[in-house]
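Enquirer: Predicted coordinates and the sequence they were generated for:
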Amino acid sequence: MKVSVKYFGIIAEAAGRDEEVLEVAWEISVNELKEQQVQKYKIPDAEAVQLAVNQNLNKEVELKEGDEVAFLPPFAGG
Amino acid sequence: MDKKKPKKVLVQGAIPPEKIAQSIANHQSKTNIGAHSIFLGQIRADQVDSKTVRAIDYSAYEEMAEKVFHEIREAAFSKFDITCAHIYHSLGRVKTGEICLFVFTSSAHRKIAIEACNYFVEEIKAKAPIFGKEIFEDETHQWKVNK
């Protein structure tokens, strides 16, 4: 199945892109996807990276076809 | 009315002081207000390993950030007896000394306005997916992390 992935800040810099569509295994978990991309792009400070699925920071969800997954580095607003 | 309308919080570039003055002026007709509280975030010229920050380039997961701002706003209106609240945050490059965050809360009395303003600032810093690239004088950069 396909999911659409967005990268921000230092993660987009490491990945060399802001977004891409990924073909992933059915029933892949959010953490598995995170681990896979952290390895692939050597994303620094992986513990501090949060994933939002369809704009929600819920870690427990299983991914579905067409989901939007955002890789978010530490927030720096204000 | 003011509280229901979802407004866009993210604005391109620095927040001009004139906009802040105009916001104050816009509230002079609302005579049930007895107190305003204003927070202004300003870009600081931090020193890192003998280099000086000269700007922050802000980016955001915009759709999610606007949703988070709306949720913070809803929560603030249910927690505090405020008359109105306005928030603006910069995107793009903001130079040192310029304003990147403007929070403006109003209430009948000062304590509520001040507490609500503080609530907005802390929630925005903790929950809004906004990212800051600190640009040094030689155009090198590092990524900012909120403490």
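Expert: Noted; the coordinates are in hand.
Enquirer: Pull up the residues of chain B that are close to chain A.
Expert: Taking Cβ under 8 Å from any Cβ of the partner chain as the contact definition, chain B meets chain A at B:41, B:58-61, B:63-65, B:67, B:89, B:100-101, B:121, B:124-133, B:143-146. C-beta: built from backbone N, CA, C; applies to glycine.
Enquirer: and the residues you listed, which of them are in helices?
Expert: B:E63, B:M64, B:A65, B:K67, B:V121, B:I124, B:K125, B:A126, B:K127 (DSSP state H).
Enquirer: what number of residues lie near A:V3?
Expert: 19 (other Cβ atoms under 10 Å in any protein chain shown).
Enquirer: Around the closest residue to B:F131 other than its chain neighbours, count how many other residues there are.
Expert: Nearest in space to B:F131, with sequence neighbours left out and distances taken as Cβ to Cβ, 6 or more residues apart in numbering or on different chains, is A:G9 at 3.5 Å. Under the neighbour criterion other Cβ under 10 Å, A:G9 is assigned a count of 26.
Enquirer: pLDDT at A:G9, what is it?
Expert: pLDDT, A:G9: 97.
Enquirer: Kindly list the longest strand within chain B.
Expert: strand B:82-95 (DSSP state E).
Enquirer: Could you list every helix and strand that that one packs against?
Expert: Where contact means 3 or more Cβ pairs under 8 Å, 6 or more residues apart in numbering or on different chains; DSSP states H and E, strand B:82-95 is packed against strand B:10-12, strand B:51-60, helix B:62-79, strand B:99-107, helix B:110-127.
Enquirer: could you say what helices and strands the fourth one packs with?
Expert: Applying 3+ Cβ pairs under 8 Å, 6+ apart, one finds that strand B:99-107 contacts helix B:17-26, strand B:35-42, strand B:82-95, helix B:110-127.
Enquirer: how close does the residue nearest the centre of chain A sit to A:G78?
Expert: The residue lying closest to the centre of chain A (Cα atoms, centre = their mean) is A:F71, at 3.6 Å. When distance is defined by Cβ to Cβ, to the nearest Å, A:F71 is 21 Å away from A:G78.
Enquirer: got a pLDDT number for the nearest residue to B:V48 once chain neighbours are set aside?
Expert: Residue nearest to B:V48 in three dimensions, not counting chain neighbours: B:Q142, with 6.6 Å by Cβ to Cβ, 6+ apart. On pLDDT, B:Q142 comes in at 95.
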